[in-house]
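A structural model of the following input is requested.
(chains A and B)
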Amino acid sequence: MHELLNDPIDVLVSFKDNRVFPHTMRWNQKDYKIKDVNLVHSAREGSKRVFFFSVSDSNNYFKLKLDPEVLEWRLVELYTDG
Amino acid sequence: MDKIIIHIDMNSYFASVEQQANPLLRGKPIGITGKHGSIAMSGQRIKVNTDGVHDRSVITTASMEAKLLGVKTAMSTWEARKICPSLILWPGDPHKYSEITERFNKIYNDFTTKVEAFSVDESFLDVTEEAGDYFTATFIAQMIRARLRAECGEHITASIGIGPNKLMAKLASESMKPNGLTVTRPEDTLKLLDSRELDDLCGIGPRIKQRLNMLGVETFKQLREFPLDSLESEFNRYGTWLHEAAHGRDSNVIQSSTVHGLRGMSTETPKSYGHSYTLPRNTHDKLIVKRYLLGLADKVAWRMRRDNFAACRITAFIRYGDFSSHAEQRTFYIPTNDGHKLFQVAWQIIGNCFAGEPVRLVGLSASKLTHKPGQQSLFKKEQKIQSVLPALDSLQHRYGTGVWTRGSLVKTHFKQRSSGFHFDHLV
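Purely as a prediction, here's the structure:
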């Protein structure tokens, strides 16, 4: 099932070499451990640049959006097998 | 000295990027559709239609797994699902692809300054000076492959061809897919050509192949032996090109990079600005067509204002359900870049073309461009509109497309498309 969302989430991250690595996300009162960060890309929203993290655990694919201006994370896409 | 050209063609590009991003799609037949889905509002959940039953889109890229099952690029989604019921339809994400395109073209620029982005997923590199010989060129190609793997992802693969010119390099890269590396030295070009069909060569399409077949030419060997003057009398200047191509010769040089890195988006002065849109469903409803036309006119007008242009000619076109079409143009003396004015002229053209068949596609193009500002209107209402436009433009600059819309267009949605030659958000 493939869904588009726009839900605020909490993300636990680490920083290394000027890069951000998300490790765990909390969505709907549930913690999801991020197994892989598969792709990171950015996009312009007017004069602002936002970052998208395509991440996954064993059963789900999540696309997370980071707005660096307000340090806000949102879950914008979810795909679950089957 | 012969040139040494590398052609790099990403394999099933958009699909590979999605498979890189989402491991649950790997190894599965997926088809990237041309139009991007909606954007969810906060707290909203939108289920994406992955079966394509009501979708009028086309497959812009099929994954390698889908290609093996018979799905082809540009196939309609319903046809693709008929051929491959397990096909997962995935809405394209132009922002993601454009950044990866930018990323790999940046890698190429680390190896040579002569890089030509031929399309969103293909580039030519002139490494004549950097490599000096084919052995070093092969080494450069392998280094590029390693960088692509490290910086774009291991599931985004490319086929690479090396040859003495663009034509042969491209033919070489297409010889082994996916993830191939084919080297064609000048002495090998005829052998490569003779192992391929006429329409495998970039520049020979099915119609030209048919015309050549009617002349008794079915192979490159026969094309080489065909008298040049007969080819020229049949095809004019194109006949000369065919003769040269059959000998593996191509005088085209690498065209320098453009601002956006893509062909058709160069820094040269544009000749026209245009947009067209396939409606969600064929319709007889004039109001629906009118709204889409107004939305398109606003898009065209915004791009002209952004680039400081105004137009003196409008061409409006309409395509019907049976794929017949109608196009007409109007020229005026006072240049304009106001979306509503463009719309009014375009609607005069196509507003009376609603008879019989329902409308499938609508579009307009503004040409005869000038940098001269339009004449200040004597009417207060128009003066007000003219003063509002710069404010709306600065809003759009700051917050992006979609920050404002006309009240009449609130319910009219345009989906973003991913095509092989440009990304909607970059034009």
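
tally of neighbours for residue 68?
Went with chain A since none was named. A:P68 has 12 neighbouring residues, counting by other CB atoms under 10 Å in any protein chain shown. Every C-beta, even on glycine, is put in place using the N, C-alpha and C of the backbone.

actually it's chain B I care about, not the one you picked
Other residues lying near B:L68 total 11 when counted by other CB under 10 Å.

for it, what are its contacts?
Listed by CB atoms under 8 Å, 6 or more residues apart in numbering or on different chains, the contact partners of B:L68 are B:P29.

Look at it and report its pLDDT.
Note for B:L68: predicted pLDDT of 93.

Could you pull out the buried residues of stretch B:275-295?
By neighbour count, with 16 or more other CB atoms under 10 Å in any protein chain shown as the criterion, the buried positions of stretch B:275-295 are B:275, B:277-279, B:282-283, B:288-295.

Next: stretch B:381-394.
B:389, B:392.

can you tell me the average pLDDT over stretch B:288-306?
pLDDT averaged over stretch B:288-306 gives 91.

Just the ones in strands from the buried residues of stretch B:275-295, please.
Using DSSP state E, the members of those that fall within strands are B:275, B:277-279, B:282-283.

Out of those residues, which comes closest to B:E18?
Closest to B:E18 out of these is B:T278 (22.4 Å), distances taken as CB to CB.

Could you check how far the closest residue to the closest one other than its chain neighbours is from A:K63?
Counting by CB to CB, 6 or more residues apart in numbering or on different chains, B:T278 lies nearest to B:L361, which is 4.8 Å off, once chain neighbours are set aside. According to CB to CB, to the nearest Å, B:L361 stands 31 Å off from A:K63.

More neighbours: those two, which one.
Between B:L361 and A:K63, counting by other CB under 10 Å, A:K63 is the more crowded of the two (24 against 18).

Just the pLDDT at B:Q376, thanks.
The model's pLDDT for B:Q376 equals 69.

is it true that B:V300 touches B:A366?
Yes - if you go by CB atoms under 8 Å, B:V300 and B:A366 touch, sitting 5.3 Å apart.

and those two? which has more neighbours close in?
More crowded of B:V300 and B:A366, by other CB under 10 Å: B:A366, with 28 against 25.

Phi first, then psi, for the more buried one.
The phi/psi pair for B:A366 (degrees, to the nearest 10) reads phi -110, psi 130.

can I assume B:A297 is in contact with B:S365?
No - applying CB under 8 Å as the test, B:A297 and B:S365 come out as separate, 10.6 Å apart.

neighbour count winner among the two?
B:A297 (25 against 22).

which ones are touching the more buried one?
If you count contacts by CB under 8 Å, 6+ apart, then B:A297 has B:339-340, B:342-343, B:346, B:364 around it.

Also A:L78?
Going by CB under 8 Å, 6+ apart, A:L78 touches A:1-3, A:5, A:60-63.

same question, B:S12
B:61-64, B:67, B:178.

Enumerate the residues of chain A near chain B.
Contacts of chain A with chain B, taken as CB under 8 Å from any CB of the partner chain, map to A:1-8, A:36, A:38-39, A:41-48, A:52, A:54, A:56, A:60-61, A:63, A:76, A:79-81.

Could you list the low-pLDDT ranges of chain A?
Residue ranges of chain A with pLDDT under 70: A:82.

which strand of it spans the most residues?
Every strand in chain A considered (DSSP E), the longest is strand A:2-16.

hang on, B:K209 in a helix?
Yes - assessed with DSSP: H, G, I helix; E, B strand; the rest coil, B:K209 lies in a helix.

From chain A, how far out is it?
39 Å (CB to the nearest CB, to the nearest Å).

neighbours around that residue, how many?
The burial count for B:K209: 17, using other CB under 10 Å.

ok, it - contacts?
B:197-199.

Neighbour-wise, which one of the residues you listed leads?
Going by other CB under 10 Å, B:L198 tops those with 23 neighbours.

Near chain A, which residues of the stretch 101-250 of chain B? Just list them.
Going by CB under 8 Å from any CB, the residues of the stretch 101-250 of chain B near chain A are B:G153.
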